[in-house]
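Engineer: Pasting the sequence and the predicted model now:
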Amino acid sequence: MAAINAPRGTRDILPSESWKWSHIIKTASETMMDFGFSEVHLPIFEHTELFSRGVGETTDIVEKEMYTFNDRGGRSITLRPEATAGVMRAAIENNLCVQGASAKIWNWGPMFRHERPQKGRYRQFYQIDAECLGIASAMADVEVIALSIEIFRRLGLKNLEVVINSVGCEKCRPVYRQKLIDYFSSHKSELCETCLTRLERNPLRILDCKNESCGRVADNAPDIFDSLCSECREHFAEVRAGLERLGFTYTLNKRLVRGLDYYTKTAYEILSGDLGSQNAVAGGGRYDNLASAIGGGKIPGVGFACGLDRVALVMEQQGCSFGKMPNTDVYVASLGDDSRGAVQILTYELRKNNIRSECDTSGKSFKSQMKIAGTCKFACIIGADEIANNTVSVKNLSDGSQVNIPVNEAVNYLKENL
RNA sequence: GUGAGUGUAGCGCAAUUGGUUAGAGCUUCGGAUUGUGGUUCCGGCGGUUGAGGGUUCAAGUCCCUUCACUCACCCCA
């Protein structure tokens, strides 16, 4: 019978890699706490409507990338393609932002998009996500950007580029949108096929097109900053001032357009040159219209998502430290089958006392057990002599020294010498 | 969805222009005067060469199909 393999775009994070992920999550978690963000656990699937209304009907995500199916009750369900819509839904549903209250929450977990896999892109991928809800001030934008930068700083990532832009709000974006339509309409012959459809559905996205010809046309396109309303202009200036106040360097990219409809005002990405073509390790921005789009009234928000898979990739590439690899400290070896019971008892005793211990459970020879013990710091050896005297021989495997001590002193001895 | 590249042992690889029984290394397992690991030495396990078909006296090698993986486009984390 043919073996079954993991579906395309999914993969197994095995022990050799998972401990590195744990380090990243732990670092992110500590940083989140330092910034006043609390962790939440949310559903991995939601009603399809949440994303079609929240993320936007004409976005790539909703149009062609969602894992959508009908459940047994006939409801249309979608595996979350991104985190923000779900977070906002939860905030609304649980009244986290009523009466002027705000919420700073983070979570991490798998997201799902049906795309062709490539370097740094999977169909099931993992994001660390932080959202600051209920605060309209630019200071919140700065805080969120600073948070993402701080996580990367602690992880030791190098050569990152912070790119920011403003995409306007519901007042000024339609104005800019119309300007773009007017402009690009007079250059239709120079646009690629997909951009021609974007012209009608989402003209801002033409700015982001990497097609050479479209790029040339976009170079001379109307500047978004000329169209920003005074509020958006001021907000963006405050964000920039805040970033500079904290000493961050960033670049301005007027062509940075997020693929999700809910973004307003601030949009930003953090890029790494050590990834392949998919070079964003984090991206986010402000989304003051998301709440109303999913029926939750006016709740401003700003946040970011960070690609865990990609962060791990960059760290590996740059030789960053993942901390100490977890290892067994003590191996308890049985010399002769008669001592296997005593070995099991001692091993359990060590484990109850938080000493990372291992013993053989498969009937290996003493020699084999000692071979495995070689990767540990200490070996506890129990044979006929030890049983007779109620002792254990403890061998320091780094210098080869060995002592024979009463079994009931093993825990203290090891705790003192580990 | 489109394009390009790659599929040989658990892993990374080798195999003259198509030519005997597809090979080492690492890993793993076992052993080297019966109570002591890392180094060393010896040995064992391990493959329908991704799958299917075709050309040929002969295919890991050439052709077709298919599957998988990788990278890129699109877009994003």
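Structural biologist: Done, it's in. Numbers count the residues shown, from 1 in each chain, chains lettered A, B, ... in the order given.

Engineer: show me where the stretch 201-350 of chain A has helices.
Structural biologist: Using DSSP state H, counting those that start in this stretch, the helices of the stretch 201-350 of chain A run over A:212-219, A:224-227, A:230-245, A:290-293, A:308-318, A:340-352.

Engineer: Now the longest one: buried residues?
Structural biologist: Within helix A:230-245, the residues that qualify as buried are A:232-233, A:235-236, A:238-240, A:242-243, counting by 16 or more other Cβ atoms under 10 Å. From N, CA and C alone the C-beta is placed, and that goes for glycine too.

Engineer: and the longest helix along chain A, anywhere near RNA strand B?
Structural biologist: Using DSSP state H to define each element, chain A has its longest helix at helix A:15-34. No - using Cβ under 7 Å from any atom of the strand, helix A:15-34 never reaches RNA strand B; the gap is at least 11.1 Å.

Engineer: Please export the C-alpha coordinates of that helix as PDB.
Structural biologist: Presented in PDB, the C-alpha positions along helix A:15-34 are these (Å, rounded to 0.1, in the frame of the first residue of the first chain):
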ATOM      1  CA  PRO A  15      12.500  17.800  17.200                       C
ATOM      2  CA  SER A  16      15.600  19.000  15.400                       C
ATOM      3  CA  GLU A  17      13.700  22.200  14.500                       C
ATOM      4  CA  SER A  18      11.000  22.500  17.000                       C
ATOM      5  CA  TRP A  19      13.200  23.500  19.900                       C
ATOM      6  CA  LYS A  20      14.300  26.500  17.800                       C
ATOM      7  CA  TRP A  21      10.700  27.400  17.300                       C
ATOM      8  CA  SER A  22      10.200  27.300  21.000                       C
ATOM      9  CA  HIS A  23      13.000  29.700  21.500                       C
ATOM     10  CA  ILE A  24      11.400  32.200  19.000                       C
ATOM     11  CA  ILE A  25       8.000  31.800  20.600                       C
ATOM     12  CA  LYS A  26       9.400  32.300  24.100                       C
ATOM     13  CA  THR A  27      11.300  35.400  23.100                       C
ATOM     14  CA  ALA A  28       8.300  36.800  21.300                       C
ATOM     15  CA  SER A  29       6.100  36.000  24.400                       C
ATOM     16  CA  GLU A  30       8.500  37.800  26.800                       C
ATOM     17  CA  THR A  31       8.700  40.800  24.500                       C
ATOM     18  CA  MET A  32       4.900  40.900  24.200                       C
ATOM     19  CA  MET A  33       4.600  40.900  28.000                       C
ATOM     20  CA  ASP A  34       7.200  43.700  28.300                       C
END
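
Engineer: Tell me the strands beside the helix or strand following it, with direction?
Structural biologist: Sequence-wise, the next helix or strand downstream of helix A:15-34 (DSSP states H and E) is strand A:38-39. Note on strand A:38-39: by DSSP bridges, its sheet partners are strand A:103-112 (parallel).

Engineer: Next, the angle helix A:308-318 makes with the strand it pairs with.
Structural biologist: Strand A:103-112 runs at 80 degrees relative to helix A:308-318, counting by axes from the mean of the first three to the mean of the last three Cα atoms, to 10 degrees.

Engineer: got a list of contacts for strand A:103-112?
Structural biologist: For strand A:103-112, contacts defined as Cβ atoms under 8 Å, 6 or more residues apart in numbering pick out A:25, A:28, A:32, A:35-42, A:44, A:66-67, A:79-83, A:87, A:91, A:96-97, A:123-134, A:308.

Engineer: Only the buried residues of the longest helix of chain A, if you could.
Structural biologist: A:20-21, A:23-24, A:27-29, A:31-32.

Engineer: closest to residue A:282 among these?
Structural biologist: residue A:28 (10.8 Å; Cβ to Cβ).

Engineer: Verify the stated contact: the closest one with residue A:151.
Structural biologist: Yes - in this structure residue A:28 lies within contact range of residue A:151 using Cβ atoms under 8 Å: 5.2 Å.

Engineer: Now for the two: what residues contact both?
Structural biologist: What both residue A:28 and residue A:151 touch, as defined by Cβ under 8 Å, 6+ apart, is the set A:128, A:306.

Engineer: For RNA strand B, what's its nearest residue on the stretch 251-400 of chain A.
Structural biologist: The nearest approach of the stretch 251-400 of chain A to RNA strand B comes at residue A:259, 1.2 Å away (Cβ to the nearest atom of the strand).

Engineer: give the contact list for that residue.
Structural biologist: Contacts of residue A:259 (Cβ under 8 Å, 6+ apart): A:59-61, A:205.

Engineer: who does residue A:68 bridge with?
Structural biologist: residue A:78.

Engineer: could you check the distance from it over to residue A:364?
Structural biologist: 51 Å (Cβ to Cβ, to the nearest Å).

Engineer: Residue A:323 - nearest residue in space that isn't next to it in sequence?
Structural biologist: Leaving aside its chain neighbours, residue A:323 sits nearest to residue A:23 (4.8 Å; criterion: Cβ to Cβ, 6 or more residues apart in numbering).

Engineer: And that neighbour, what's its pLDDT?
Structural biologist: Predicted confidence (pLDDT) for residue A:23: 96.

Engineer: And for residue A:205?
Structural biologist: pLDDT, residue A:205: 79.

Engineer: And the nearest residue to it once chain neighbours are set aside, how far from RNA strand B?
Structural biologist: Leaving aside its chain neighbours, residue A:205 sits nearest to residue A:198 (4.8 Å; criterion: Cβ to Cβ, 6+ apart). Distance, residue A:198 to RNA strand B, by Cβ to the nearest atom of the strand, to the nearest Å: 7 Å.

Engineer: picking that back up, adding mean pLDDT and distance to residue A:410, write the helices of the stretch 201-350 of chain A out as a markdown table.
Structural biologist: A markdown table is the format used below for the helices of the stretch 201-350 of chain A (pLDDT from 0 to 100; distance: least, Cβ to Cβ, whole Å):
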| stretch | mean pLDDT | distance to residue A:410 |
| --- | --- | --- |
| helix A:212-219 | 76 | 70 |
| helix A:224-227 | 88 | 70 |
| helix A:230-245 | 96 | 56 |
| helix A:290-293 | 94 | 58 |
| helix A:308-318 | 94 | 38 |
| helix A:340-352 | 96 | 6 |
